[in-house]
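Novice: coords please:
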Amino acid sequence: MRIRRFAPADAQAVQALITDILAAEYPGDQPAYPAADLAQIAVVYGGPREAFFVAEHDGRIVGTCAVKQDDAATALLRRLFVASTHRGRGLGAKLVEAAMIHCRTHRYRTIRIRTSDRMAAAMAVCRRQGFQEDERTQLGTVHLIMMSAQVS
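Specialist: Residues are numbered from 1 along each chain as shown. Got it, this is the predicted structure:
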């Protein structure tokens, strides 16, 4: 398995991975995670301090993680997804680690992620990387959790 930057040829596989996971595992959370950004990944995550990472195994995209600039000091961790067939192997941690390295390189001070309370595995990965819960809000039936970590 390797973690690398997104390439335009990955677009269809990335979109399928994320939308399939959301539909199968988090159908009630979809309003909180609109898919508009997935139609133009290279543009949406193409800023000079932004990145979209993929995990590839045997030529197949099995994980994703993105860094989006929020402001000069803060990055957003987005689209942290791992295929069910590849969970439990530390892949989520490797994706978050790649994002953290990117954030250090681009001099962000803080990285934040918004997740739902049903995405326990993603929250656990983030906690192990030093993220702490900042706030909880509700969007319809979805309980959103904002977590953040200092980038050192």
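Novice: so E56 sits against F6, correct?
Specialist: No: contact criterion Cβ atoms under 8 Å: E56 and F6 do not qualify, at 10.5 Å. Where you see a C-beta, it was placed from the backbone N, CA and C, and this is true even at glycine.
Novice: just the helices from the protein, written as ranges.
Specialist: Secondary structure of the chain (DSSP state H): helices at 11-25, 41-44, 91-105, 120-128.
Novice: single out the most deeply packed of these.
Specialist: Comparing the helices of the chain by mean neighbour count (mean count of other Cβ atoms under 10 Å), helix 91-105 comes out on top with a mean of 19.
Novice: who are the packing partners of that one?
Specialist: strand 2-5, strand 51-57, strand 60-69, strand 74-82, strand 110-116, helix 120-128 (3 or more Cβ pairs under 8 Å, 6 or more residues apart in numbering; DSSP states H and E).
Novice: who does the shortest one pair up with?
Specialist: In the sheet, strand 2-5 lines up against strand 51-57 (antiparallel) (DSSP bridges).
Novice: how far is the strand it pairs with from where the chain is centred?
Specialist: Relative to the centre of its chain, strand 51-57 is centred 10 Å away, using Cα atoms, centre = their mean, to the nearest Å.
Novice: tell me which residues in it are buried?
Specialist: A51, F52, F53, V54, A55, E56 (16 or more other Cβ atoms under 10 Å).
Novice: do you know how far the last one is from R4?
Specialist: If I follow you right, that is E56. As judged by Cβ to Cβ, to the nearest Å, E56 and R4 stand 6 Å apart.
Novice: re earlier: would a markdown table of the helices of the chain with mean pLDDT and distance to R79 be doable?
Specialist: Converted to a markdown table, these look like this (pLDDT from 0 to 100; distance: least, Cβ to Cβ, whole Å):
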| stretch | mean pLDDT | distance to R79 |
| --- | --- | --- |
| helix 11-25 | 95 | 6 |
| helix 41-44 | 96 | 9 |
| helix 91-105 | 97 | 10 |
| helix 120-128 | 92 | 10 |
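Novice: for H143, find the nearest of those helices.
Specialist: Nearest to H143 among the helices of the chain is helix 120-128 (11.5 Å), distances taken as Cβ to Cβ.
Novice: contacting residues around that closest one?
Specialist: Residues outside helix 120-128 that contact it (Cβ atoms under 8 Å, 6 or more residues apart in numbering): 77, 80, 82, 87, 92-93, 96, 113, 115, 117, 145, 147, 149.
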